[in-house]
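Visitor: Test case, fold it:
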Amino acid sequence: MLECVPADGCDIHRRALRLQALAPHNALGWLPALNAAQGHGKAPEVTRILQRMSQAGGFETYQTSLARRIQHGLADLPPPPPDMDLPYRLDEKHDRLLQVRIYVSLMPMPAYQPLMKACRPDGPEFAQRRSACRKIGTKLTRSWAIIANLIGIELQRWTAQGAQDCQQTLTREREMDWLIPVHASCDRAHTAACLDADMHAKSELDADRAIARQLGKPLTPSADWVDRRLQASIRMEQQRFHSLTCSSAATKATTATQPAANRIRAPLQ
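Guide: Residues are numbered from 1 along each chain as shown. I've put the predicted structure just below:
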């Protein structure tokens, strides 16, 4: 369904209906309808779809299974040609894994921005959507993809139920920010091990943890670690918006332990 988005003549809504029929437990099948309703300003319809998504069993983009299928489909073909632009030349097995990783990384991602907009804590319908957004956020944090996990964390933080809940969400968010760049740390000496971890993990986040262990890196950041990239991305308008994401009590409870860049986050695209 994701590949349908940029293709000429592809009806994304027909594909979504097919996915809903084949996998009614997957909230992904409702995302195109949510995006369309949000784009047309149909607030009651947006709320209805959010509630329907919240009742689904999970949220999965099938990138794991697609990676396995790509790997299986390429198994009988010759290895990547010498002129293929691969970062490294390894053994035949890992050249193939690197090729699969590149293919999967180029796949389109779902358009999450309308979901974020629908669940904004300063929106007029937030009170009636809060429970559904909370449940959707939980499903997203169980997804294979890192981007889905990040969206889920944002939704959980926006719907935090008190200071302790908000603090736990901020801690998870901070740990994810620490782990996400770990792929970039794989030098030539560790590339094969990183690819093995990537292909055998249950999720991208699990792969990042496995790779961190391979590289001898801690799985959690030190108390004084600050993500400079986040600080650079914050804009004044978003500071006002994200000041609404936790209660006053929760904000006070986290002030002493969390850097400002991790309390105020730019909306994910």
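
Visitor: what about the longest helix in this structure?
Guide: helix 163-179 (DSSP state H).

Visitor: Buried residues of the next helix or strand after that one, list them for me.
Guide: Sequence-wise, the next helix or strand downstream of helix 163-179 (DSSP states H and E) is helix 191-200. Residues of helix 191-200 classed as buried by neighbour count (16 or more other Cβ atoms under 10 Å): Thr191, Ala192, Ala193, Cys194, Leu195, Asp196, Ala197, Asp198, Met199. From N, CA and C alone the C-beta is placed, and that goes for glycine too.

Visitor: how much space between the last one and Arg96?
Guide: I take that to be Met199. 10 Å (Cβ to Cβ, to the nearest Å).

Visitor: Quick check: neighbours shared by those two?
Guide: Counting by Cβ atoms under 8 Å, 6 or more residues apart in numbering, the contacts common to Met199 and Arg96 are Gln71.

Visitor: hmm, back to that, list the buried ones in the longest helix of the chain?
Guide: 163, 165-167, 169-170, 172-179.

Visitor: Report the two of those residues separated the most.
Guide: Pairwise distances across the buried residues of helix 163-179 (Cβ to Cβ) peak at 24.9 Å, for the pair Ala163 and Leu179.

Visitor: Surely Trp144 is in contact with Ser203?
Guide: Yes: shown here, Trp144 and Ser203 form a contact pair, counting by Cβ atoms under 8 Å, at 4.7 Å.

Visitor: So between these two, which is more surrounded?
Guide: Trp144 (21 against 18; other Cβ atoms under 10 Å).

Visitor: May I have the phi/psi pair for the more buried one?
Guide: phi -70, psi -40 (degrees, to the nearest 10).

Visitor: mind checking how far it is from Arg129?
Guide: 25 Å.

Visitor: If you drop the residues flanking it in sequence, what lies closest to Ala33?
Guide: Leaving out its chain neighbours, the residue that sits closest to Ala33 by Cβ to Cβ, 6 or more residues apart in numbering is Ile49, at 5.5 Å.

Visitor: For that neighbour, give me its contacts.
Guide: Taking Cβ under 8 Å, 6+ apart, one finds Trp30, Ala33, Leu34, Ala37 in contact with Ile49.

Visitor: Which strand or helix spans it?
Guide: helix 43-54.

Visitor: cool, and Ile70?
Guide: Per DSSP H and E: helix 63-74 holds Ile70.

Visitor: what sits up against that helix?
Guide: With Cβ under 8 Å, 6+ apart, helix 63-74 has contacts from 96-97, 99-101, 103-104, 107, 144-145, 199, 202-203.

Visitor: okay, those in a markdown table with pLDDT and secondary structure next?
Guide: Shown next, in a markdown table, are those (pLDDT from 0 to 100; DSSP: H, G, I helix; E, B strand; the rest coil):
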| residue | pLDDT | secondary structure |
| --- | --- | --- |
| Arg96 | 70 | helix |
| Leu97 | 72 | helix |
| Gln99 | 71 | helix |
| Val100 | 73 | helix |
| Arg101 | 71 | helix |
| Tyr103 | 71 | helix |
| Val104 | 71 | helix |
| Met107 | 69 | coil |
| Trp144 | 81 | coil |
| Ala145 | 81 | coil |
| Met199 | 71 | helix |
| Lys202 | 76 | coil |
| Ser203 | 79 | coil |
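
Visitor: Thanks again, I'm all set now.
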